[in-house]
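Enquirer: Build me a model from this:
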Amino acid sequence: MHTKARKVMIIGAGNVGTSAAYALLNQNICEELLLVDLDKARSEGHAWDLADAAAYMPGMMTISTREVSDCADVDIAVITVSGGALKPGQTRLDELTATANIVKSIVPQMMAGGFKGIFLIATNPCDIITWQVWQLSGLPRSQVIGTGVWLDTTRLRRTLAQALDIGAQSIDAFILGEHGDTQFPVWSHSSVYGSPIAEVYQRHTGNTLDFDALAERVRKQGFEIYARKGCTEFGIAGTIAEICRNIFTGSHRALAISCILQGEYGVDEVAIGVPAVLAQSGVQQIIELKLAEEEQQKFRQSVEVIKANIARLP
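Expert: Below you'll find the predicted structure:
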């Protein structure tokens, strides 16, 4: 019987943080939500607004604000802080210095406050900040994860699902690598119940699947949303909720998330998007795939880009 209240602290009460809080609330994923933001009036306003929404839920949820250092009883801390909006022509990597400086001020406070839970990083550049949080926290790598390429994977499945007229849950296709420009779909392991994606696509549409065009479409999707509305929030909020749910339930489901590698895929000293099994303790195991030669090259390129930017951390 579950008796302990599941507590999620969301650090950063901006678009992503508050949308994630709303997703967690509506999916009844935890019993307590804690909002943290430098703008205390804003975080309080969001907490009160969310509490009104929670009153319509069948269960009972407590929503409040806290200082970031008051975190010893928190199960999952979701970092959604941002160093500022992207300017035209910039990429996620251009957010590094400003965001890393904020994170550098937050994580030591949390560790001094007795944090022992799981960090979930949902800020950009996700893989580099995931690495930074792991280094700053001193926690086991299983307890520091990033949303990574799970949203990109979901976009890939949704796009294929629309073309194939089939539920996205029936499609086994995913993205690996950086949550950024060097991400890539793993076509060698993509199928619909064992039938290769390209064959299913050919039979259903009568056309040959353009792998490169589809990969580029998925890669650009976040920027297309950003260009039209000035932010992305609902998709990443769903990603955060999905990861938290799988942790709390100990689902042992594999998601493509950003993990610290220590020898897997022949790589050390990097955080990157790979399939990983989630349990209540965080990452239980990392699944190593046998990649095609071209995919191995793309993975190595992604690793090199992430490592080069880890070296830029302040």
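
Enquirer: starting at the chain centroid, how far to the helix or strand Glu269 falls within?
Expert: Per DSSP states H and E, Glu269 falls inside strand 268-279. Centroid displacement of strand 268-279 relative to its chain, using CA atoms, centre = their mean, to the nearest Å, is 11 Å.

Enquirer: now swap in stretch 179-196 and tell me
Expert: Taking the mean of its C-alpha atoms, stretch 179-196 sits 18 Å from the chain's own mean (CA atoms, centre = their mean).

Enquirer: Quick check: mean pLDDT of that stretch?
Expert: The average pLDDT within stretch 179-196 is 94.

Enquirer: what ranges do the strands span in the chain?
Expert: Assigned by DSSP state E, the chain shows strands spanning 7-11, 32-36, 62-65, 76-79, 118-121, 144-146, 171-172, 175-176, 184-185, 191-192, 195-196, 254-262, 268-279, 282-286.

Enquirer: Dump these to a markdown table, plus mean neighbour count and distance to Gln296.
Expert: Heads up, the C-betas are built off the backbone N, CA and C, glycines and all. Listed next are the strands of the chain as a markdown table, based on neighbours: other CB atoms under 10 Å; distance: least, CB to CB, whole Å:
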| stretch | mean neighbour count | distance to Gln296 |
| --- | --- | --- |
| strand 7-11 | 24 | 36 |
| strand 32-36 | 24 | 41 |
| strand 62-65 | 17 | 46 |
| strand 76-79 | 26 | 31 |
| strand 118-121 | 27 | 26 |
| strand 144-146 | 29 | 22 |
| strand 171-172 | 17 | 20 |
| strand 175-176 | 26 | 10 |
| strand 184-185 | 24 | 11 |
| strand 191-192 | 18 | 20 |
| strand 195-196 | 12 | 19 |
| strand 254-262 | 23 | 14 |
| strand 268-279 | 22 | 13 |
| strand 282-286 | 18 | 16 |
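
Enquirer: Next, format these as CSV and append distance to Leu24.
Expert: Compiled in CSV, the strands of the chain are given as follows (distance: least, CB to CB, whole Å):
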stretch, distance to Leu24
strand 7-11, 6
strand 32-36, 6
strand 62-65, 10
strand 76-79, 9
strand 118-121, 11
strand 144-146, 16
strand 171-172, 26
strand 175-176, 24
strand 184-185, 29
strand 191-192, 31
strand 195-196, 36
strand 254-262, 17
strand 268-279, 16
strand 282-286, 18
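
Enquirer: Can you say which of those strands is nearest to Thr208?
Expert: Among the strands of the chain, strand 195-196 comes nearest to Thr208, with 12.6 Å by CB to CB.

Enquirer: which of the residues in the lowest-mean-pLDDT helix or strand in the chain are buried?
Expert: Among the helices and strands of the chain, helix 211-229 carries the lowest confidence by mean pLDDT, DSSP states H and E, at a mean of 91. Along helix 211-229, these residues count as buried under the neighbour rule (16 or more other CB atoms under 10 Å): 214-215, 218-219, 221-222, 225.

Enquirer: Sketch out the low-pLDDT regions of the chain for me.
Expert: 1-3, 84-92 (pLDDT under 70).

Enquirer: quick one: furthest residue from the center of it?
Expert: Gly206 (34.9 Å; CA atoms, centre = their mean).

Enquirer: all helices of the chain, in order?
Expert: For the chain, helices defined by DSSP state H occupy the ranges 15-26, 40-54, 96-112, 126-137, 150-164, 197-205, 211-229, 234-249, 293-310.

Enquirer: Please enumerate residues in contact with the fifth one?
Expert: Outside helix 150-164, the residues that touch it by CB atoms under 8 Å, 6 or more residues apart in numbering are 167-171, 173-175, 179, 183, 185, 192, 197, 200-201, 204-205, 214, 217-219, 221-222, 235-236, 238-239, 242-243, 255-257, 273.

Enquirer: thinking again about what came up before, go through the helices of the chain and pick out the most buried.
Expert: Among the helices of the chain, helix 126-137 has the highest mean neighbour count (mean count of other CB atoms under 10 Å), at a mean of 26.

Enquirer: list the contacts for the nearest residue to Leu289 once chain neighbours are set aside?
Expert: What sits nearest to Leu289 in space, not counting adjacent residues and going by CB to CB, 6 or more residues apart in numbering, is His189, at 5.9 Å. For His189, the contacting residues are 172, 174, 289, by CB under 8 Å, 6+ apart.

Enquirer: Could you pull up the residues touching the closest residue to Ser170 other than its chain neighbours?
Expert: Counting by CB to CB, 6+ apart, Val192 is the residue found nearest to Ser170 once chain neighbours are left out, at 5.9 Å. Applying CB under 8 Å, 6+ apart, we find Val192 in contact with 164, 166, 170-172, 200.
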